[in-house]
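Undergrad: Pasted the sequence and its predicted model underneath.
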Amino acid sequence: MDSLVEIDDDTVLTEYLVDMLHKIFDPLPVPMILIDKDSKVRMINQVFADFLGYPKSYIIGKPVAEIDKNTRFPFVLKTKKSEIAWKHKFGNGRTAIVHRIVVLDEQGEVKYAVGMVLFEDLDQFKDIIEKNKLLENEVHLYKSQLKEMYGAKYSWDTIIGNSPKMSQTKFIAKRAAQSISNVLILGESGTGKELFAHAIHNDSARNHMPFVKVNCAAIPSELLESELFGYEEGAFTGAKKGGKIGKFELANGGSIFLDEIGDMPLKMQAKLLRVLQEREFERVGGNRTVKIDLRVIAATNKDLQRLIAEGKFREDLYYRLNVMTIEIPPLRERVEDIEEITIKLMEKLSNQLGIYVPKISKKALELLKSYSWPGNVRELENVLERAINLTETDTILPIHLPLYITQNKRKIDPNSIDSLQNLLEQTEREAIKSCLEYTNGNKLKTAKILNISRTNLYSKIEKYGLE
Ligand SMILES: Nc1ncnc2c1ncn2[C@@H]1O[C@H](COP(=O)(O)OP(=O)(O)OP(=O)(O)O)[C@@H](O)[C@H]1O
């Protein structure tokens with residue numbers, strides 16, 4: 001193409017060169033034309049000559065205006081400004097989208113110009129624009145869905161509760177968010193471990209990167225490995241063509257939330273330990289090492305120490321994870337939060353259900369406060385949803401609450417029992433608390449109801465911090 005540079009020099013534009021240009025451009029299905037600085041046609045390929053309806057031999061050497069009376073080339077050569085994707089109506093009545101490109105020399109003088117027809121059929125052009133728009137919209141949609149799937153949805157504001165215990169927990173969690181260490185969130189089922197995991201990611205330096213959740217208990221153990229680490233093509237029968245990226249790679253740069261870590265099979269724990277230590281792994285069926293940089297936020301409602309003693313959880317993994325530990329107190333240990341949580345959840349549920357129930361009677365609230373909530377906030381949310389559905393006014397009354405709450409016959413959730421001793425102590429604490437409330441704090445009366453000595457009552461009040 002070097003010869004083209006000299007095209008304005010008639011001595012260089014030999015027949016041989018024009019012949020060469022035709023040889024190059026004739027087979028192309030894109031109509032092309034070469035105009036010199038005097039607006040004369042120097043080269044036109046076959047498809048363009050056919051389009052204009054003249055033989056090539058007639059066109060070559062003629063001023064372009066003689067071939068197309070509507071041509072803008074003389075103007076473009078004068079202004080030295082190329083025109084890209086212009087709609088043009090040719091002298092023969094045909095309309096198309098064209099480029100007119102002016103080529104200048106080092107001094108900024110015109111050397112030649114090239115013309116090109118992009119689309120003759122304008123509908124075809126419109127189609128492409130439409131398709132492009134559609135694709136752009138699709139990309140936009142997928143991007144936002146991806147963010148929804150792999151983004152953290154909750155922040156500190158969504159975690160309700162300002163009791164001393166909850167404030168302390170949030171304080172530690174905020175510190176954990178700022179650190180780069182792994183985080184272990186402990187707490188009974190329904191206490192808000194997932195909320196905390198989202199909020200920690202959202203408040204960390206990695207918040208613009210993905211937050212990927214894996215429920216270790218929900219994925220069958222034989223699938224967990226490929227879910228976490230991905231696999232190479234042909235790794236096993238039924239493996240997808242091209243392989244599959246695993247959750248660790250998806251979370252690269254961000255955080256991976258390993259929920260129910262206590263349920264992770266031992267084999268997988270060993271692999272996870274390696275990822276935590278070496279920050280690398282191989283996909284299933286592959287030998288290429290994948291390097292990753294992510295933070296692990298793990299959560300469980302299981303007693304990991306007990307699992308270690310039973311040989312079901314690796315001690316070394318426990319110590320790796322147990323760097324920043326957040327223990328979320330069960331709802332029964334932060335009764336002060338129940339009112340605020342109830343009010344805010346009623347607001348949220350009213351919106352979701354489209355039933356406006358903003359109030360709760362004093363008695364109903366008292367009942368909620370004296371219940372022990374083995375299912376924690378999740379259970380409270382369910383009870384409120386049921387009540388909102390039952391009420392016919394704007395207020396939740398005791399009658400809208402389940403019998404086991406109004407009669408305070410506590411259902412004991414086997415999963416929430418860590419030991420009989422603890423369960424007995426909890427029951428004892430609640431019994432003393434409700435008697436003290438009933439007697440307005442009169443210790444003599446309380447000791448009588450409970451049939452214990454006053455000294456015994458005093459020591460229990462101190463033990464359970466009921467003063
Ligand atoms: N402090 C809180 N404020 C508002 N909503 C809460 C709070 N804690 C929990 N919830 C709500 O309770 C439900 C359960 O929360 P979440 O799933 O985070 O609990 P979890 O501890 O991860 O439970 P599990 O161990 O069963 O997975 C959710 O609907 C959540 O929005």
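TA: Perfect, I can see it now.

Undergrad: got the residues of the stretch 201-350 of the chain near the ligand?
TA: Counting by C-beta under 6 Å from any ligand atom, the stretch 201-350 of the chain comes close to the ligand at 259, 301, 341. For every residue, glycine as well, the C-beta is placed using N, CA and C.

Undergrad: Tell me the predicted confidence for Asn451.
TA: At Asn451, the predicted lDDT confidence score is 81.

Undergrad: now Glu222
TA: 81.

Undergrad: what's the answer for Trp86, then?
TA: Looking at Trp86, its pLDDT reads 90.

Undergrad: Same check on Leu384?
TA: At Leu384, pLDDT is 96.

Undergrad: Isn't it up against Met346?
TA: Yes. Taking contacts as C-beta atoms under 8 Å, Leu384 lies within contact range of Met346: 5.9 Å.

Undergrad: ok, the residues of the stretch 201-350 of the chain next to the ligand vs the ligand, which is closest?
TA: The closest of those to the ligand turns out to be Asn301 (C-beta to the nearest ligand atom; 4.6 Å).

Undergrad: contacting residues around that closest one?
TA: 186-189, 191, 193, 260, 262, 415 (C-beta atoms under 8 Å, 6 or more residues apart in numbering).

Undergrad: Return a selection command, for use in PyMOL, containing the buried ones of those residues.
TA: Filtering these down to the buried ones (16 or more other C-beta atoms under 10 Å) takes a single PyMOL command:
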select buried, resi 186+187+188+189+191+193+260+262
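
Undergrad: need the contacts of Asn301 in CSV with secondary structure, can you?
TA: As requested, these are exported to CSV (DSSP: H, G, I helix; E, B strand; the rest coil):
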residue, secondary structure
Leu186, strand
Gly187, coil
Glu188, coil
Ser189, coil
Thr191, coil
Lys193, helix
Glu260, coil
Gly262, helix
Asn415, helix
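
Undergrad: The residue of the stretch 351-467 of the chain at minimum distance from the ligand and Ile338: what is the separation?
TA: Closest contact between the stretch 351-467 of the chain and the ligand, by C-beta to the nearest ligand atom, is at Val377 (3.4 Å). Counting by C-beta to C-beta, to the nearest Å, the separation of Val377 from Ile338 is 10 Å.

Undergrad: Doesn't Lys213 belong to a strand?
TA: Yes. Lys213 sits within a strand when classified using three-state DSSP.

Undergrad: Which strand residues bridge it?
TA: Counting by DSSP bridges, Lys213 forms beta bridges with Phe257.

Undergrad: now do Thr95
TA: Beta-bridge pairing of Thr95 under DSSP bridges involves Lys89.

Undergrad: how far away is it from Leu122?
TA: For Thr95, the distance to Leu122 - C-beta to C-beta - is 6 Å.

Undergrad: list the buried ones in stretch 43-61?
TA: Buried residues in stretch 43-61, counted by 16+ other C-beta under 10 Å: 43-49, 51-52, 54, 56, 59-60.

Undergrad: picking that back up, among the residues of the stretch 201-350 of the chain next to the ligand, which are located in strands?
TA: When these are checked against strands (DSSP state E), the matches are Asp259.

Undergrad: What is the nearest of the residues of the stretch 201-350 of the chain next to the ligand to Glu428?
TA: The closest of those to Glu428 turns out to be Asn301 (C-beta to C-beta; 23.6 Å).

Undergrad: Over to that closest one: give its phi and psi.
TA: With angles defined as degrees, to the nearest 10, Asn301 sits at phi -110, psi 10.

Undergrad: and what of Lys291?
TA: In terms of degrees, to the nearest 10, the main-chain angles of Lys291 are phi -90, psi 140.

Undergrad: Look up the closest residue to it, ignoring the ones flanking it.
TA: Using C-beta to C-beta, 6 or more residues apart in numbering and skipping the chain neighbours, the partner closest in space to Lys291 is Glu280 (5.0 Å).

Undergrad: What does the pLDDT read for that neighbour?
TA: Glu280 carries a pLDDT value of 91.

Undergrad: Count the neighbours of it for me.
TA: Counted by other C-beta atoms under 10 Å, the residues lying close to Glu280 total 12.

Undergrad: got it, and Val284?
TA: So Val284, with other C-beta under 10 Å, has 19 neighbours.

Undergrad: just to revisit the earlier point, TSV for the buried residues of stretch 43-61, including distance to the ligand?
TA: Converted to TSV, the buried residues of stretch 43-61 look like this (distance: C-beta to the nearest ligand atom, whole Å):
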residue	distance to the ligand
Met43	71
Ile44	70
Asn45	67
Gln46	69
Val47	65
Phe48	66
Ala49	71
Phe51	66
Leu52	70
Tyr54	75
Lys56	75
Ile59	75
Ile60	77
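
Undergrad: Any chance of CSV for the residues you listed, columns secondary structure and pLDDT?
TA: Shown next, in CSV, are the buried residues of stretch 43-61 (DSSP: H, G, I helix; E, B strand; the rest coil; pLDDT from 0 to 100):
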residue, secondary structure, pLDDT
Met43, strand, 91
Ile44, strand, 93
Asn45, coil, 93
Gln46, helix, 93
Val47, helix, 93
Phe48, helix, 94
Ala49, helix, 94
Phe51, helix, 91
Leu52, helix, 92
Tyr54, coil, 93
Lys56, helix, 90
Ile59, helix, 93
Ile60, coil, 91
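
Undergrad: quick one: buried residues of the helix of greatest length in the chain?
TA: Determined from DSSP state H, the single longest helix within the chain is helix 122-149. For helix 122-149, a neighbour-count test (16+ other C-beta under 10 Å) marks Phe125 as buried.

Undergrad: Give me the packing partners of it, helices and strands only.
TA: When contacts are defined as 3 or more C-beta pairs under 8 Å, 6 or more residues apart in numbering; DSSP states H and E, helix 122-149 packs onto strand 95-104, strand 110-119.

Undergrad: Quick one: distance of the first one to the chain centre.
TA: When you say that, I think you mean strand 95-104. Computed by C-alpha atoms, centre = their mean, to the nearest Å, the chain-centroid distance of strand 95-104 equals 44 Å.

Undergrad: for stretch 279-287, same thing?
TA: The chain centroid and the centroid of stretch 279-287 are separated by 24 Å under C-alpha atoms, centre = their mean.

Undergrad: With stretch 451-459 instead?
TA: So, by C-alpha atoms, centre = their mean, the centroid of stretch 451-459 is 56 Å from its chain's centroid.

Undergrad: Over to stretch 261-270?
TA: Distance of stretch 261-270 from the chain centroid (C-alpha atoms, centre = their mean) equals 25 Å.

Undergrad: In TSV: the contacts of Asn301, plus pLDDT.
TA: Formatted as TSV, the contacts of Asn301 follow (pLDDT from 0 to 100):
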residue	pLDDT
Leu186	96
Gly187	95
Glu188	92
Ser189	91
Thr191	95
Lys193	96
Glu260	94
Gly262	94
Asn415	68
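
Undergrad: quick one on the thing from earlier: any residues in contact with both of Leu384 and Met346?
TA: Here Leu384 and Met346 have Ile396 as joint contacts, going by C-beta under 8 Å, 6+ apart.
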